[in-house]
Structures are given as structure tokens and as C-alpha cells.
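In: What follows is a predicted structure for the sequence shown.
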Amino acid sequence: MERIGLTYNTEKEQIVISEYGRCIQEMIKKLPEIEDRQQRTEAARYIISVMVQMNPQVKESSDWEHKLWDHLYMISGYALDLDSPFAPPAPAVRRSKPQHIGYQNNHIKYGHYGQYIVKMIEAASLEEDEEMREALAHSIANQMKRNYLEWNKNVVNDQVILDDLRTISGGRLMISEEKLNSTSEILGKAQPQPKQQQGQPKKKKKKVPNLKANMNNPNNPAYKKRMQQLGKL
């Protein structure tokens with residue numbers, strides 16, 4: 001059944017560059033219908049100005065005008081014959097795909113610590129100096145606990161951290177549980193202030209003397225001195 005006066009966007013041509021919208025694309029598609037080359041170029045320049053209004057952030061780049069003319073040719077399907085200030089782009093550049101960078105195939109058993117933690121443990125386990133190795137183990141264990149808390153901020157068992165450290169290092173890095181920082185220190189939480197014990201008297205605030213009221217007191221020596229200076233006594 002043919003529908004009159006109603007067309008869905010899904011039935012229309014796909015938008016080439018979505019930043020400019022369908023109206024700009026339809027305007028560009030109408031350019032080849034203008035027979036006069038000079039008028040066609042002037043119409044293209046007007047469309048370029050509208051494209052700037054539709055996508056003003058394009059001006060942030062130094063070659064923004066060149067980019068707009070390239071977008072004009074791309075949207076038209078490289079079928080425009082204009083007096084452009086720039087050479088039209090080659091269609092092959094648009095269709096070419098970038099080289100695939102590939103994916104890493106590293107299988108990390110302790111993913112919640114991260115790959116760099118595992119490498120740090122392997123490097124620290126090769127340290128011959130026992131004191132230095134223990135210092136490195138302490139620093140790495142606290143970082144392992146910090147990374148663990150990124151996954152689970154509610155529950156963390158220090159013994160699990162130490163067991164994983166010993167397993168990954170092959171038994172070369174071992175520290176006691178007491179040397180790990182507390183969860184509040186790692187997360188940067190402020191320690192709760194101690195509450196005032198019941199029955200303990202509150203400190204009274206010192207009363208600040210009201211100098212203005214004292215100056216109006218006839219029994220105040222400062223009041224008498226001031227009156228003498230004014231010649232009223």
C-alpha cells in the first residue's frame with residue numbers, strides 16, 4: 001500500500017556524515033542539477049557556510065575550510081564539478097581502512113591486580129638484598145590492596161593479598177599482615193573523631209566584655225576619664 005505524504009528516515013538514503021544532518025545532504029545532492037558552473041560554485045560556498053553553522057567546532061582545526069570542502073565532495077559522492085579552492089579528495093582515501101593494530105593475547109590469572117603488578121612482583125622477587133626485597137614487597141602489597149579495593153570496596157581480606165603475593169613471587173616475597181595499610185588509609189577516608197564521654201562537663205566559652213556598655217557605666221574609670229577629657233566632669 002502506497003503511503004502519501006509520509007516517508008520514514010529508514011526508507012531514505014543513508015546519511016554520509018551525520019554531523020551535518022539530512023537537510024545539508026539533500027542540498028548537496030541538488031548541486032549537480034545547477035547547469036551554470038559559476039552558480040553551482042556559489043551555491044556550494046553557501047552550503048559551506050551553513051555547514052559551519054551546523055558544526056561550529058570544526059573551526060577548532062587549522063585547516064577547517066579545507067576539511068569542509070572535502071566533506072562536501074564526500075557527501076556528494078565525489079560527483080561535483082566546482083571551482084573549489086582546494087583539490088577534491090580521492091575516493092580511495094575515503095574507502096581505505098586503517099591497518100589493524102591487533103589485540104593482546106596475554107592471559108592474566110590475577111586480572112583484578114593488573115598486568116603491571118605481576119611484572120613488579122616478578123622483578124622484585126629477583127632482588128638479592130633481603131631488606132630491599134622486603135621493602136618492595138610491602139609497597140607492592142599495599143598497591144595490590146588498593147587495586148583490589150577498586151573491584152570490591154566492601155570486603156577485602158589482607159591474608160588473601162599476602163597469599164597472592166607469595167604465590168605470584170614463588171615464595172620470594174612474604175610480609176606479615178600487620179604491615180599492610182588499613183582500608184581507611186588506602187581509600188583516604190577521615191578517621192572518626194572520638195565522642196565526648198557522658199558525664200564529662202562541657203567547656204564554657206569565655207565571655208567577651210562589652211566595651212561599649214562599660215564606657216557608659218559611670219562607675220567605670222574609663223568613663224570618668226573620658227568625661228574629664230570632654231570637660232563634663
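Out: Okay, I see it.

In: rest of the way, CA atoms for contacts and neighbours
Out: OK.

In: Would you mind finding the longest helix in this protein?
Out: In the chain, taking DSSP state H as the definition, the longest helix is helix 130-151.

In: Packing partners of it?
Out: For helix 130-151, the packing partners by 3 or more CA pairs under 8 Å, 6 or more residues apart in numbering; DSSP states H and E come out as helix 115-124, helix 158-168.

In: so can I have CSV of those helices showing mean neighbour count?
Out: As requested, those are exported to CSV (neighbours: other CA atoms under 10 Å):
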stretch, mean neighbour count
helix 115-124, 16
helix 158-168, 17
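
In: Quick one: those helices as JSON lines, columns for mean pLDDT and distance to Ala87 too.
Out: Converted to JSON lines, the helices and strands packed on helix 130-151 look like this (pLDDT from 0 to 100; distance: least, CA to CA, whole Å):
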{"stretch": "helix 115-124", "mean pLDDT": "90", "distance to Ala87": "48"}
{"stretch": "helix 158-168", "mean pLDDT": "90", "distance to Ala87": "60"}
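
In: Of these, give the one that comes closest to Met132.
Out: helix 115-124 (8.8 Å; CA to CA).

In: what's that closest one packed up against?
Out: Counting contacts by 3+ CA pairs under 8 Å, 6+ apart, helix 115-124 is packed against helix 130-151, helix 158-168.

In: which residues sit in contact with the spatially closest residue to Val118 that is not a sequence neighbour?
Out: Excluding its sequence neighbours, the residue lying closest to Val118 (CA to CA, 6 or more residues apart in numbering) is Ile168, at 7.1 Å. Shown in contact with Ile168 (CA atoms under 8 Å, 6 or more residues apart in numbering): 118, 121-122.

In: immediately after the helix or strand of the chain with the lowest mean pLDDT, which helix or strand?
Out: Taking mean pLDDT, DSSP states H and E as the measure, helix 211-215 is the helix or strand of the chain with the lowest mean score, a mean of 54. The helix or strand immediately downstream of helix 211-215 is helix 221-230, counting by DSSP states H and E.

In: low-scoring stretches of this protein, by residue?
Out: Scanning the chain for pLDDT under 70 picks out 1-5, 92-96, 104-106, 177, 189-220, 223, 231-233.

In: before we move on, back to that, roughly how far apart are the residue nearest to Val118 and Ala123?
Out: 11 Å (CA to CA, to the nearest Å).

In: Closest to the centroid, which residue in this protein?
Out: Glu150 (16.8 Å; CA atoms, centre = their mean).

In: Domain-wise, how is the protein divided?
Out: In terms of domains, the chain is parsed into 11-95, 115-187 (source: automatic domain parsing).

In: ends of the last one, how far apart?
Out: Okay, so that is domain 115-187. Length of domain 115-187, first residue to last, CA to CA: 22 Å.

In: re the thing from before, I'd like the helices and strands packed on helix 115-124 as CSV, with distance to Glu185 appended.
Out: Shown next, in CSV, are those (distance: least, CA to CA, whole Å):
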stretch, distance to Glu185
helix 130-151, 10
helix 158-168, 14
